[in-house]
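would you be able to build a 3D model of this:
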Amino acid sequence: MNVYLDNAATTPLSKEVLEAMMPYLTEHFGNPSSSHSFGRKTKTAIENSRRSIAKLLNCLPSEIFFTSGGTEADNLAIHTAVKDLGCTQIITSAIEHSAVIKTAERLASKGLVKLSLVELDKEGHLNLNDLERLLDNDEKSLVSLMHGNNEIANLLPIHEVADICMRHDAVFHSDTVQTMGHYAFDLQQLPVHFINASGHKFHGPKGVGFIYVRRSIKINANITGGSQERGIRGGTENIYGIVGIAKALELAYNRIREHREHISSLKQYMVEQLAHEIPGVIFNGDSASEDSLYTVLNVTFPENTNSDMLLFLLDLEGVAASGGSACSSGASKGSHVLEAIGALHPGRASIRFSFSRYTTKDDIDFALGKIRALNTVAVPH
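Below you'll find the predicted structure:
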């Protein structure tokens, strides 16, 4: 048996999404920029997909721009805020996705912006009073804070942060890659300037995402060339990917409450079993809380003879999980998120388990059995 518990890295493509994409992988191959019937067919598919996403998010179709994924969308939001909107300060945190942190650091290293980090407590919660302090200056600021943390499952009080930004006339970008398709967004009620998504995080295809840009924001070309995406992103569109992400979001929204209840129950079951069976286990951040991002659980195990190889050994036993963000899984250094909150423990393995609507209780029981077997040999003292 093989069990997949790394859905925060990527989710399996749903059959319904593949079926929606197939005609655009085969007979509907026209270039959307062509004026003949082949091109008009695919152009219509793109615009129908844009309208479908906009309807689900309660925004205008003209506020949705398709990208290659969440990383490109993060880069677009940050560069746009500096280049087109005149932001001279970027306020973010040490536990953001690397697409945000590294982009902000690069701009700061060039002297283009001042980079400020919001204070965190030991659980990874943001100090909103410190955010207010950082905004209380004459700088035009971009606040970039993710909605759901991809490693420790903390949820941002996004409406509260949006209100703070609005009071200080700051631009607000929230990376919603981990929460899109899992939580409902009403962008008429949420005063955010940018949010973004990546299709493969909610059973859509890889290589496609989108960014929402509030209509009050005027941005210039990010990728120059053609006039695609209303001149913002030149290049022939990923037609089948766009059709796929729209279908995936539709499916997610259609049963969003049911999926949440299913996944949450599995996660809480795993929390209870681990806490009962493995003394000394630590749940990092808010990941074991019922108020956290319900798809992610981050666990630090007691030190034992298998600690250094625990993730590898689980893989050999048929359990796929992660040591942290998939975007930095090749790095030898530990998780920057756990490091930022002081949760890196020498000699102890920290593993992220993440779930989807296809995860079953049998999957959890199988994984628990393997985890239990690999954590039974304590280090002699």
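
nearest residue to residue 86 in space, please, no chain neighbours.
Counting by C-beta to C-beta, 6 or more residues apart in numbering, residue 86 lies nearest to residue 140, which is 5.2 Å off, once chain neighbours are set aside. (C-beta placed from N, C-alpha, C; glycine too.)

ditto for residue 315
Among residues not flanking residue 315 along the chain, residue 321 sits closest, at 8.0 Å (C-beta to C-beta, 6+ apart).

next, count neighbours for the one you found.
Using other C-beta atoms under 10 Å, residue 321 has 22 neighbouring residues.

strand partners (parallel or antiparallel) of whatever helix or strand residue 298 lives in?
Element membership for residue 298 (DSSP states H and E) is strand 296-300. If you go by DSSP bridges, strand 296-300 pairs up with strand 282-283 (antiparallel), strand 350-354 (antiparallel).

which of those sits closest to residue 255?
With C-beta to C-beta as the measure, strand 350-354 is the member of those nearest residue 255 (19.0 Å).

gap between that closest one and the chain center?
15 Å (C-alpha atoms, centre = their mean, to the nearest Å).

what's next to it, contact-wise?
Identification of contacts with strand 350-354 by C-beta atoms under 8 Å, 6 or more residues apart in numbering yields 5-9, 151, 270, 284, 295-301, 310-311, 314, 321-324, 334-335, 338, 343-344, 367.

same check on stretch 74-89?
Here stretch 74-89 makes contact (C-beta under 8 Å, 6+ apart) with 65, 67, 90, 97, 99-100, 103-104, 107, 112-116, 134, 137, 139-142, 144, 171, 173, 175, 193-194, 196, 211, 213, 217-220, 222, 232.

check the offset of that stretch from the chain's centre.
Using C-alpha atoms, centre = their mean, the offset of stretch 74-89 from its chain centre is 20 Å.

report the buried residues of it.
Residues 74, 75, 76, 77, 78, 79, 80, 81, 82, 87, 89 are the ones in stretch 74-89 that count as buried (16 or more other C-beta atoms under 10 Å).

then the fifth one would be within a helix, right?
Yes. With DSSP: H, G, I helix; E, B strand; the rest coil as the criterion, residue 78 is located in a helix.

so residue 90 sits in a strand?
Yes. Applying three-state DSSP, one finds residue 90 inside a strand.

what's the closest non-adjacent residue to it?
Per C-beta to C-beta, 6+ apart, closest to residue 90 is residue 104, 4.6 Å.

residues near the one you found, how many?
By the measure other C-beta under 10 Å, the count of residues near residue 104 is 23.

quick one: the strands in this structure, in order.
For the chain, strands defined by DSSP state E occupy the ranges 3-4, 64-67, 89-92, 114-117, 141-144, 171-175, 194-198, 209-213, 282-283, 296-300, 319-320, 350-354.

returning to what we had before: would you list the strands paired with strand 296-300 in TSV and tack on mean neighbour count?
Converted to TSV, the strands paired with strand 296-300 look like this (neighbours: other C-beta atoms under 10 Å):
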stretch	mean neighbour count
strand 282-283	17
strand 350-354	26
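
would you list those strands in CSV and tack on distance to residue 126?
Formatted as CSV, the strands paired with strand 296-300 follow (distance: least, C-beta to C-beta, whole Å):
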stretch, distance to residue 126
strand 282-283, 19
strand 350-354, 20
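
who wins for proximity to residue 48 among the ones you listed?
Of all the strands paired with strand 296-300, strand 350-354 sits nearest to residue 48, with 31.2 Å by C-beta to C-beta.

now the two most distant members of the buried residues of stretch 74-89.
The span of those, defined through C-beta to C-beta, is set by 76 and 89 at 18.8 Å.

wait, what's in contact with residue 45?
The contact partners of residue 45, by C-beta under 8 Å, 6+ apart, come to 24, 28, 239, 242, 243.

tell me which of the residues you listed is nearest to residue 59?
Nearest to residue 59 among the contacts of residue 45, counting by C-beta to C-beta, is residue 242 at 16.7 Å.

if I pick residue 278, what's in contact with it?
When contacts are counted by C-beta under 8 Å, 6+ apart, residue 278 touches 301, 302, 371, 372, 375.

again, but for residue 107
The contact partners of residue 107, by C-beta under 8 Å, 6+ apart, come to 78, 79, 82, 90, 113, 115.

quick one: the helices in this protein?
With DSSP state H as the criterion, the chain has helices at 15-25, 37-57, 70-83, 98-109, 128-135, 158-167, 239-254, 256-277, 310-316, 336-340, 361-374.

and those helices as CSV, adding distance to residue 184?
Below are the helices of the chain laid out as CSV (distance: least, C-beta to C-beta, whole Å):
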stretch, distance to residue 184
helix 15-25, 19
helix 37-57, 8
helix 70-83, 19
helix 98-109, 23
helix 128-135, 23
helix 158-167, 12
helix 239-254, 7
helix 256-277, 6
helix 310-316, 34
helix 336-340, 26
helix 361-374, 26
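
do you know which of the ones you listed lies nearest residue 355?
If we rank the helices of the chain by C-beta to C-beta, the stretch that ends up nearest is helix 256-277, at 5.0 Å.

and the closest one, how far out from the chain's middle?
Taking the mean C-alpha point of helix 256-277 and that of its whole chain, the gap between them comes to 20 Å (C-alpha atoms, centre = their mean).

same question, stretch 78-91
The chain centre lies 21 Å from the centre of stretch 78-91; the measure is C-alpha atoms, centre = their mean.

how far does it stretch from one end to the other?
11 Å (C-alpha to C-alpha, to the nearest Å).

and if you look at stretch 317-336?
Using C-alpha to C-alpha, one end of stretch 317-336 lies 27 Å from the other.

where in the stretch 51-200 of the chain is pLDDT low?
Within the stretch 51-200 of the chain, no range satisfies pLDDT under 70.

same deal with the stretch 201-350 of the chain?
Applying pLDDT under 70 to the stretch 201-350 of the chain picks out residues 324-333.

how about the contacts of residue 107, which pair is most distant?
It's 79 and 115 that sit farthest apart of the contacts of residue 107, by C-beta to C-beta, at 14.3 Å.
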